[in-house]
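**Q** What follows is a predicted structure for the sequence shown.
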Amino acid sequence: MSNGEHIRLEELELLALGALPEDEAAAVQAHVSGCGECALKLAQERGSAAVLAFAAKQEKPAGTIKAELMARIRANRESEERLALPARLRADGGAALPRLGARGNWWNWVLATAAVALALVSFGLSWQNRRMAAELQKERQAADTLIRDREQIEKLVGVLAAPDTVTVKLAGVGDAANTSGLVKFNPKTGMVLYAAELPKLPADKSYQMWLVPANGAPINAGLLGAGGHAWGNLWTAEVPLNTQAKAFAVTIEPAGGMPQPTGPKVLLGAT
Amino acid sequence: MRANGTTGETTTDWSLLARVGQKDEEALSALYDRYSGLVFSEAKRILRDTGAAEEILQDLFYQVWRTAERFDPAKGSLAGWLLVAARNRAISKLRRKTGKTEDLDENGVSLSIDVESHAAQNLLLDKVRTVMGSLPESQREALECAYFEGMSHTEIAEKTGQPLGTVKTRIRSAMEALKKVLG
């Protein structure tokens, strides 16, 4: 791969284009991250590859996207302003402390005591400032989480409300005949949302949802339980865009799931 | 570049980005107007899905808003970063991979050509289209499979039934032709 100590230009070119297989890309990236010369060349190659974007048919996005973006940043701004820490607790480093006189009279002891007291107060304020900064950081992280949660909720609500979202009722199969489930699937976004009433499984087993396409092998649509993506009682997964679903099924698989179904079906429903 | 951050009639990306770092909404709006078409078109070409491309477009500019102060102009250009980030996100979405989100302070992209005005962008559009149109079909296909489909050279070799070495040579030759346009 490398020519002497550095990565060959053609390898950097392929990496910039995204044409290196993952394992080779990781090896090249590992070298580049510690080599300024190769990082510079890679940046140039990325620039050359990026020009390919100009080969795409040029279209303008809908005007509403910019309006939504500006509304989003205003909401972010307001959220940050609410969390801003008042700047009243800045330590002044004790610059205002009086100097001790040259003569050692009793005032020196009073001033020295006051200086010690001020130093202690200054230390206390500095400690409090650090603690508040740490709390602020936690608040910011919490605000980021809330923003992400809100975006996720908006996405889920969007799928539930979309006119092209398909609803599939799942019925119990075999021993699980008295169970049931519901799937909401939007082919355009690839979002799958589902809920199901299923008995608890042993720790080494998982329920796994499958999208059965019109053609080809079943597609993994996530786990119900540990390892799955849940939103409240709603499980979510994403599958390739524009997949035509023929049916949805839930099987019992080894914990963590399988690439293809191997276990018994417990729920099944046709679109 | 002039001291006030303009080239001719165009305010530079760096000047606008510095203002975005100060939470200037007009500056973000100007950057959006400058690059939204390119970013959206690239994402849509990869995903062939308007909604998904719009989502990438909005998320990228939201990231610019939140992290503008981290961008180091010494590491490359904003336009280059936007185009590479849009491409990577679109490919991740296309292949349903959970790719790492690029930060503004890493993965520098050096764009050796000016794209900070619509006139410059239109000029480059013409040049790139001319080069792509002049490439042999096999070279253009290899390049497009890699950049717009996210295929590795081995996947392209499997798809086209050509030896791996041939695919690499085709990509190399096509990139050489493209680089000549960039000067």
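**A** Good, I have the coordinates.
**Q** going forward, measure contacts and count neighbours with C-alpha atoms only.
**A** Fine.
**Q** what comes up buried for stretch A:59-74?
**A** Neighbour-count burial for stretch A:59-74 flags A:61, A:65-66, A:69-70, A:73 (criterion: 16 or more other CA atoms under 10 Å in any protein chain shown).
**Q** Quickly check: it near chain B or not.
**A** Yes: residues of stretch A:59-74 contacting chain B under CA under 8 Å from any CA of the partner chain: A:59-61, A:65-66, A:69-70, A:72-73.
**Q** which ones among those are found in helices?
**A** Among those, DSSP state H puts A:65-66, A:69-70, A:72-73 in helices.
**Q** okay, those residues in a markdown table with distance to B:Leu31 and pLDDT next?
**A** Converted to a markdown table, these look like this (distance: CA to CA, whole Å; pLDDT from 0 to 100):
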| residue | distance to B:Leu31 | pLDDT |
| --- | --- | --- |
| A:Ile65 | 14 | 90 |
| A:Lys66 | 11 | 91 |
| A:Leu69 | 13 | 91 |
| A:Met70 | 12 | 91 |
| A:Arg72 | 16 | 86 |
| A:Ile73 | 14 | 87 |
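**Q** Out of these, the closest to chain B would be?
**A** A:Leu69 (5.9 Å; CA to the nearest CA).
**Q** Tell me how chain A divides into domains.
**A** A:2-51, A:110-161, A:166-270 (automatic domain parsing).
**Q** dump the residue contacts of A:Arg74.
**A** The contact partners of A:Arg74, by CA atoms under 8 Å, 6 or more residues apart in numbering or on different chains, come to none.
**Q** I meant to write A:Glu13 there.
**A** Each residue near A:Glu13 by CA under 8 Å, 6+ apart is listed here: A:42, A:45-46, A:49, B:172.
**Q** next helix or strand past the helix or strand harbouring it?
**A** Using DSSP states H and E, A:Glu13 maps to helix A:9-17. Next helix or strand after helix A:9-17 toward the C-terminus (DSSP H and E): helix A:22-32.
**Q** what about the helices in chain A?
**A** Under DSSP H, chain A gives helices at A:9-17, A:22-32, A:36-50, A:63-83, A:106-161.
**Q** Check the gap between A:Ser33 and B:His118 for me.
**A** For A:Ser33, the distance to B:His118 equals 34 Å [CA to CA, to the nearest Å].
**Q** So which residues of chain B form strands?
**A** Assigned by DSSP state E, the strands in chain B fall at B:6-7, B:10-11.
**Q** between those strands, which has the poorest average model confidence?
**A** The weakest mean pLDDT among the strands of chain B belongs to strand B:6-7, with a mean of 52.
**Q** Leaving aside the residues adjacent along the chain, what's closest to the residue of chain B found nearest chain A?
**A** Relative to chain A, the nearest point of chain B is B:Ser152 (3.9 Å; CA to the nearest CA). The shortest distance from B:Ser152 to any non-neighbouring residue, by CA to CA, 6 or more residues apart in numbering or on different chains, is to A:Ala19 (3.9 Å).
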